[in-house]
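S.K.: Fold the following for me, if possible:
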Amino acid sequence: MKFFRVDRRFWWVLLAAMVSASLTASLGFWQLRRAALKESMQSILDQRMAMPALSNADLASLDTTGSVLHRSATLRGQWLPHATVFLDNRQMNQRQGFYVVTPMKLAGDGRLLLVQRGWVPRDFQDRTRVPHIPSPGGWVEVSGRMAAAPARVYELGSSDSGLIRQNLSAAAVAQALAAEVIDGSLVQLAPSPHAPDDGLVRQWPQVASDVHKHHGYAFQWFGLCALIVVLYVWFQIISPLRQQRGSGT
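M.R.: Take a look at the predicted model:
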């Protein structure tokens, strides 16, 4: 049996198929590497969340909060209610509203820590209206998990003042209050015993590294690679051979 004749187009198609298959396969392996990295990060995250809760003394002994991110903490301090900020355009349970952030002066070293106290819905009749958030005076105890500063959202221009803002940073609070502010925050997970009926919702997004997302992407890239190979073999090899046999040559 004679092999079918190849021309320049055959080699161009072969080259395109090889490049496409190599590219999609490499993207699949890249997603697997990303998944392995995220699995490592998830392992560290799980270990930190299982560690004993941090105290004021533990936090005071640290120069940076990076090593305690996602660890639980029970901290004692005083609210600074006059510095409460309502972060706009925040969602919880697919509803639009505000994250309520209040600085707390920590007992012991006197530094300030931003506390993401919870979420409240916005008033769509009066977009400048915000609810009163009970902030008892004196010493209070707040439990939660350590986190980075409140996540930033896109904003036009910059606004570092006012009750309602798009974003809030430790540097802005430090400048406004002329005090040392810890670079990070505490995400409050339950009402304080001093204000059990504060009206705040605390169904925060679960902390996870999205490992399964990368496995899904890898499957898609490997599937596309396999499809390219199958189509090439069918249209460039099997189909011409079948046509050649059918013509009797």
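S.K.: For the rest of this, base every contact and every neighbour count on C-alpha atoms.
M.R.: Will do.
S.K.: any idea where the strands of the chain begin and end?
M.R.: 72-79, 85-92, 95-106, 112-121, 140-147, 164-165, 181-188 (DSSP state E).
S.K.: Nearest to residue 171, out of those?
M.R.: Nearest to residue 171 among the strands of the chain is strand 181-188; the distance by Cα to Cα comes to 7.3 Å.
S.K.: if we can go back for a sec, mind putting the strands of the chain in TSV, mean pLDDT and mean neighbour count included?
M.R.: Output for the strands of the chain, formatted as TSV (pLDDT from 0 to 100; neighbours: other Cα atoms under 10 Å):
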stretch	mean pLDDT	mean neighbour count
strand 72-79	95	21
strand 85-92	93	20
strand 95-106	95	22
strand 112-121	95	24
strand 140-147	93	21
strand 164-165	92	18
strand 181-188	92	23
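S.K.: Looking at these, which is nearest to residue 9?
M.R.: Here strand 85-92 is closest among these (Cα to Cα), at 54.5 Å.
S.K.: so that closest one versus strand 112-121, what angle?
M.R.: Per axes from the mean of the first three to the mean of the last three Cα atoms, to 10 degrees, the angle that strand 85-92 makes with strand 112-121 is 50 degrees.
S.K.: now strand 85-92: how far from the chain's centre is it?
M.R.: 16 Å (Cα atoms, centre = their mean, to the nearest Å).
S.K.: Mind exporting the C-alpha coordinates of that strand to PDB?
M.R.: Taking C-alpha atoms only, strand 85-92 is exported to PDB below (Å, rounded to 0.1, in the frame of the first residue of the first chain):
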ATOM      1  CA  VAL A  85     -15.700  53.600  59.200                       C
ATOM      2  CA  PHE A  86     -18.400  52.000  56.900                       C
ATOM      3  CA  LEU A  87     -16.700  50.400  53.900                       C
ATOM      4  CA  ASP A  88     -19.000  50.800  50.900                       C
ATOM      5  CA  ASN A  89     -19.800  48.300  48.200                       C
ATOM      6  CA  ARG A  90     -19.300  45.200  50.300                       C
ATOM      7  CA  GLN A  91     -21.500  42.100  49.800                       C
ATOM      8  CA  MET A  92     -22.600  39.400  52.100                       C
END
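S.K.: List the neighbouring strands of it plus their orientation.
M.R.: Sheet pairing of strand 85-92 (DSSP bridges) gives strand 95-106 (antiparallel), strand 164-165 (parallel).
S.K.: got those as JSON lines, with distance to residue 33 columns?
M.R.: Shown next, in JSON lines, are the strands paired with strand 85-92 (distance: least, Cα to Cα, whole Å):
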{"stretch": "strand 95-106", "distance to residue 33": "35"}
{"stretch": "strand 164-165", "distance to residue 33": "38"}
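S.K.: Looking at those, spot the one closest to residue 214.
M.R.: strand 95-106 (27.9 Å).
S.K.: residues making contact with stretch 201-220?
M.R.: With Cα atoms under 8 Å, 6 or more residues apart in numbering as the test, stretch 201-220 has contacts from 27-32, 34-36, 38-39, 41-42, 92-93, 117-120, 188-190.
S.K.: Ends of it, what's the gap?
M.R.: Stretch 201-220 stretches 38 Å from its first residue to its last (Cα to Cα, to the nearest Å).
S.K.: Report the mean confidence score over that stretch.
M.R.: Mean per-residue pLDDT for stretch 201-220: 87.
S.K.: again, but for stretch 42-59
M.R.: 87.
S.K.: Show the end-to-end separation of that stretch, please.
M.R.: Stretch 42-59: ends 23 Å apart by Cα to Cα.
S.K.: Show me what counts as buried in that stretch.
M.R.: Using 16 or more other Cα atoms under 10 Å as the test for burial, stretch 42-59 gives 42, 45, 48-49, 53-54, 56, 59.
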